[in-house]
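> Mind folding the following:
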Amino acid sequence: MQNTVRSAVTFDGRGLHSGAPVHMVLRPAGADTGIWFRRSDLVGGNTLIPAIWDAVVPSRLCTLIANAEGASVSTIEHLMAALAGLAINNALIEIDGPEVPILDGSAVPFVAAILAVGVRSQIAQARAIRVLKRVEVRDGEALARLEPAEMLEIDFRIDFTDGAIGKQSRKLNMSNGAFVRELSDSRTFCRQSDVDAMRARGQALGGTLENAVVFDGDKILSPGGLRHKDEPVRHKMLDALGDLSLAGAPLLARYTGIRAGHALTNRLLRTLFATPGAFMIDDCDALAGGKLPGIGVHHGDLPLLA
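Okay, the predicted model is just below:
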């Protein structure tokens, strides 16, 4: 079975980098459609953009996709993680600007709104991408790797000089609603020095202490502190799930990220699909389908803050 949203879901907010207001509507889509964005503010030309790995355009701060005519949408990773974490295979996302609203900096507002309207099953074969052999990419000390596994597992490690972050690591089996329970409420994070530098370049204009965790050495500047003591590494895992969902189907693999970011994870997908014999497409029966992220999620899985 494939899944879509039961009815339209509306989100209003601001873009993290532009600070501009954004109106976005997540709509149901037919079986085997996949995830697509449509830029409702553009007139003429192709305004549809596929949420797929080979539509990703290199971008240092977020995940950005574009079509052949240059229509683009950025900062899609938190929404994509929510869709993957709820096993949504098919959706059309109408958006009146170039950037997905940041909301509270996590995926939980998307998750809660989708669960409120419900998920609708579709009579169509669910498929997964089974990784058959190890593939790996590196950039200096950063690494991203995929290895064979029976379900999606994420193993992430970060290392920051800031005392309030430091070294963090976490491993998680992503089946049975683990994303919603363990990762969905973890917010994007940055250092105060990075915020100052980005704003000097005209970036992060929509960033506030309410939609990002800001660190300054040993201090946590955001009101209320952390939602989890290891919230930064959890958020990196959230980002990784969103970026991995651009494979076009759930992965049956173990993903390892060491200091990895959006660009490196996309390079990993490109390497996977360019490597002969590295993967196969699995038709999921009921047993295998139960191992996919998002299967069986219910309202009780939501973090208390949602």
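
> Just give me how far stretch 99-106 sits from the chain centre.
Remark: stretch 99-106 is offset 11 Å from the chain centroid, using C-alpha atoms, centre = their mean, to the nearest Å.

> let me fix that: stretch 89-99
Centre to centre, stretch against its chain (C-alpha atoms, centre = their mean), the figure for stretch 89-99 is 14 Å.

> List the buried residues in that stretch.
Neighbour-count burial for stretch 89-99 flags 89-95, 97-99 (criterion: 16 or more other C-beta atoms under 10 Å). All C-beta atoms are positioned from the backbone trio N, CA, C, and that covers glycine.

> Next step: those residues restricted to strands.
Using DSSP state E, the subset of the buried residues of stretch 89-99 located in strands is 91-95.

> Is it possible to get TSV of these that adds distance to S59?
Output for these, formatted as TSV (distance: C-beta to C-beta, whole Å):
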residue	distance to S59
A91	22
L92	23
I93	18
E94	22
I95	17
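
> Dump these to a markdown table, plus pLDDT and distance to D216.
Below are these laid out as a markdown table (pLDDT from 0 to 100; distance: C-beta to C-beta, whole Å):
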| residue | pLDDT | distance to D216 |
| --- | --- | --- |
| A91 | 98 | 38 |
| L92 | 98 | 41 |
| I93 | 98 | 35 |
| E94 | 98 | 38 |
| I95 | 98 | 33 |
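
> for the residue positioned nearest the centre of the chain, what are its contacts?
The centroid of the chain falls nearest to G242 when counting by C-alpha atoms, centre = their mean (2.1 Å). By C-beta atoms under 8 Å, 6 or more residues apart in numbering, the contact set of G242 is 63, 76-82, 84, 107.

> where do the helices sit along the stretch 51-200 of the chain?
Here the stretch 51-200 of the chain has its helices, by DSSP state H, counting those that start in this stretch, at 77-85, 108-117, 178, 192-200.

> Output the contacting helices and strands for the last one.
This means helix 192-200. For helix 192-200, the packing partners by 3 or more C-beta pairs under 8 Å, 6 or more residues apart in numbering; DSSP states H and E come out as strand 213-216.

> ok, and what's touching the strand it packs on?
105, 160, 162, 164-165, 187-193, 195, 220-222, 226, 231-232.

> Buried subset of the residues you listed, written for ChimeraX?
The following ChimeraX line selects those of the contacts of strand 213-216 that are buried, judged by 16+ other C-beta under 10 Å:
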select :105,162,164,165,187,188,189,190,191,195,220,222,226,231,232
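
> Look up how far G97 lies from the residue lying farthest from the centre of the chain.
Residue farthest from the centre of the chain, counting by C-alpha atoms, centre = their mean, is G44 at 29.1 Å. Separation of G44 from G97 (C-beta to C-beta, to the nearest Å): 17 Å.

> With G105 instead?
Where G97 is concerned, G105 sits at a distance of 18 Å (C-beta to C-beta).

> Same question for S186.
Using C-beta to C-beta, which is the criterion applied here, S186 is 25 Å from G97.

> again with A247
26 Å.

> Also G217?
Taking C-beta to C-beta, one finds G217 at 35 Å from G97.

> One more: G30?
In terms of C-beta to C-beta, G30 sits 26 Å off from G97.

> Where does pLDDT dip in the stretch 201-306 of the chain?
203-205, 207, 286-289, 305-306 (pLDDT under 70).

> what are the ranges of the helices in it?
Under DSSP H, counting those that start in this stretch, the stretch 201-306 of the chain gives helices at 231-244, 262-274, 286-289.

> so what does the second one touch, helix or strand wise?
The elements that helix 262-274 packs onto, with contact taken as 3+ C-beta pairs under 8 Å, 6+ apart, are strand 135-139, strand 142-148, helix 231-244.

> how about these in CSV, adding distance to P276?
Supplementary listing: the helices and strands packed on helix 262-274 in CSV, determined by distance: least, C-beta to C-beta, whole Å:
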stretch, distance to P276
strand 135-139, 11
strand 142-148, 15
helix 231-244, 21
